[in-house]
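> Predicted coordinates and the sequence they were generated for:
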Amino acid sequence: MKKIKVALLGCTGLVGREFIRLLDDHPYFELSCLTASSRSANKTCAEALVIRETTAAEIIRSGARAVFSALPAAAAGPLEAELRAAGLRVFSNAGAHRLDGNVPLLIPEVNPGHLELARQQLRTHPGFIVTNPNCVVAGLALVLKPLTALGLRTVTVTTFQAVSGGGRRGVAAWDILGNVVPFIAGEEEKIVRETGKILGELAGGHVADSPIEIYPSCSRVPVREGHLQSVSAEFVRPVGGEEIKEALSGFAAEPQQLKLPTAPAQPIVVRGEEDRPQPSLDVQAGEPDPVVAGRHGRARGMAVSVGRLRPRGSRCDFFLLLHNTVRGAAGGSVLNAELAVRKGWIPEAAND
Ligand SMILES: NC(=O)c1ccc[n+]([C@@H]2O[C@H](COP(=O)([O-])OP(=O)(O)OC[C@H]3O[C@@H](n4cnc5c(N)ncnc54)[C@H](OP(=O)(O)O)[C@@H]3O)[C@@H](O)[C@H]2O)c1
């Protein structure tokens, strides 16, 4: 197929850098425009592309048909809407549009049907915006999805979030070295609202939030990459360890069936050791199936690891770990765009 020209906004950030790696020699996309703030303008980046200042005019002039946005939410909100109005397909990591009623908040393994909202946007806008969730939610909702079939009712989650989750200038070294900060502004609210939307039902053009109750407590820990989460799941009936393990490790969905380039062959890896998953050992989980991933091993960091499964009556406790800037950000966004390409919603012809 002819490659689709894409722009990357926020290319110098922690998420931007992962995008550059994932888009290198991508079978569907060709990076044709890189942007950042005026501080980085005119420096060079991937394959010697010159970084442009982030303006709608620069992006439109580049001929890109789709945009990956790794901007802070305040900058992303109005710009993404402007790019949609110019007919571009916007795949955003930022929080600005995640809860808009007509914007899909997508994890392709969990709610691929919600991508239909993007097609609905095309009835009233020349382009569309598709978002991926907050980095905690990207792992949590993926693991909760197969558990919903077992009668999941309530989830209590405590997070141990890596420093990289706050971006390049996020947390001062002095505040986090040898420390744990038991608060991340706005994070617990995002976990409740975004998980509710992703696990919700799309009917009549609207998503009705899932009734599963979520009780989060978030903390920042001195870890470089990887958000660990301690989860306690309550079900409507007693559950066994084997059925939970089977539901998680046997879970596969549309990205695996379609063999999307960034899809891990097994999205949830269940570990049997008593002391896993650990960020330093497991953050890069994601089987680089040679058929799916090619020589780049694109699925690295795209699988979520689960361990220490402890069923007790109608409750099961476990830990999960995801790579926050890969599955929780750039990789999730690229997977969303790959699904949109396979649905035919990013026209190749417009590349000309
Ligand atoms: N880090 C994560 O784990 C994670 C996970 C999920 C979602 N996200 C979301 O992804 C986005 C990027 O996060 P990040 O961690 O990569 O942040 P980051 O490291 O701070 O990078 C921000 C990027 O945006 C550019 N930028 C900043 N202000 C700008 C402005 N006013 N106009 C144009 N460009 C501007 C920066 O350019 P300069 O280098 O020139 O300043 C940089 O390229 C955020 O919306 C974040 O919430 C992050």
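Looks like it came in fine. Residues are numbered from 1 along each chain as shown.
> Mind picking out the helix or strand in this protein with the poorest mean pLDDT?
helix 290-293 (a mean of 50; mean pLDDT, DSSP states H and E).
> partners of the helix or strand just after that one, with directions?
Using DSSP states H and E, the helix or strand that follows helix 290-293 in sequence is strand 304-312. Strand pairing for strand 304-312, determined by DSSP bridges: strand 268-270 (parallel), strand 315-322 (antiparallel).
> Tell me which residues are up against the first one.
In other words, strand 268-270. With CB atoms under 8 Å, 6 or more residues apart in numbering as the test, strand 268-270 has contacts from 142-143, 146, 245, 248-249, 251, 282, 285, 303-307, 309. Every residue, glycine included, has its C-beta placed from N, CA and C.
> hmm, try it at 6 Å
Strand 268-270 is contacted by residues 245, 248-249, 251, 285, 303-306 when judged by CB atoms under 6 Å, 6 or more residues apart in numbering.
> Lys197: how many residues sit nearby?
By the measure other CB atoms under 10 Å, the count of residues near Lys197 is 25.
> What distance do you get for it to the ligand?
For Lys197, the distance to the ligand equals 16 Å [CB to the nearest ligand atom, to the nearest Å].
> wait, what's in contact with the residue in the chain that the ligand sits nearest to?
Residue of the chain nearest the ligand, by CB to the nearest ligand atom: Gly13 (2.0 Å). Listed by CB under 6 Å, 6+ apart, the contact partners of Gly13 are 70, 168.
> Swap in 8 Å and give it another go.
For Gly13, the contacting residues are 36, 70, 167-168, by CB under 8 Å, 6+ apart.
> again with Phe235
147, 150-153, 314-316.
> Can you check the pLDDT for it?
With respect to pLDDT, Phe235 scores 98.
> Can you list phi and psi of it for me?
Main-chain dihedrals, Phe235, degrees, to the nearest 10: phi -110, psi 170.
> If it is in a bridge, with which residues?
For Phe235, the beta-bridge partners are Leu152 (DSSP bridges).
> if we can go back for a sec, what would the strands paired with strand 304-312 look like in TSV with mean neighbour count and distance to the ligand?
Listed next are the strands paired with strand 304-312 as TSV, based on neighbours: other CB atoms under 10 Å; distance: least, CB to the nearest ligand atom, whole Å:
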stretch	mean neighbour count	distance to the ligand
strand 268-270	22	19
strand 315-322	23	10
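> In a markdown table, list these along with distance to Pro277 and mean pLDDT.
What follows is the strands paired with strand 304-312, written out as a markdown table (distance: least, CB to CB, whole Å; pLDDT from 0 to 100):
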| stretch | distance to Pro277 | mean pLDDT |
| --- | --- | --- |
| strand 268-270 | 8 | 98 |
| strand 315-322 | 4 | 98 |
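> Relative to Val50, which of those is closest?
strand 315-322 (33.4 Å; CB to CB).
> Can you pull out the residues in contact with the closest one?
Contacts of strand 315-322 (CB under 8 Å, 6+ apart): 135, 138-140, 142-143, 226-235, 239, 241, 244, 277-279, 282-283, 285, 304-310, 328.
> List the buried residues of stretch 32-49.
When burial is assessed from 16 or more other CB atoms under 10 Å, stretch 32-49 yields the following buried residues: 32-36, 40, 45-46, 49.
> Show me how to select, in PyMOL, the buried members of the contacts of strand 315-322.
A single PyMOL command is used to select the members of the contacts of strand 315-322 judged buried by 16+ other CB under 10 Å:
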select buried, resi 135+138+139+140+142+143+226+227+228+229+231+232+233+234+235+239+244+277+278+279+282+283+285+304+305+306+307+308+309+328
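> Surely Arg119 touches Trp345?
Yes: applying CB atoms under 8 Å, one finds Arg119 in contact with Trp345, separated by 6.5 Å.
> Now do the shared contacts for the two.
Phe128.
> the more surrounded of these two?
Taking neighbours as other CB under 10 Å, Arg119 and Trp345 compare with Trp345 leading, 18 against 13.
> All good on my end, thank you.
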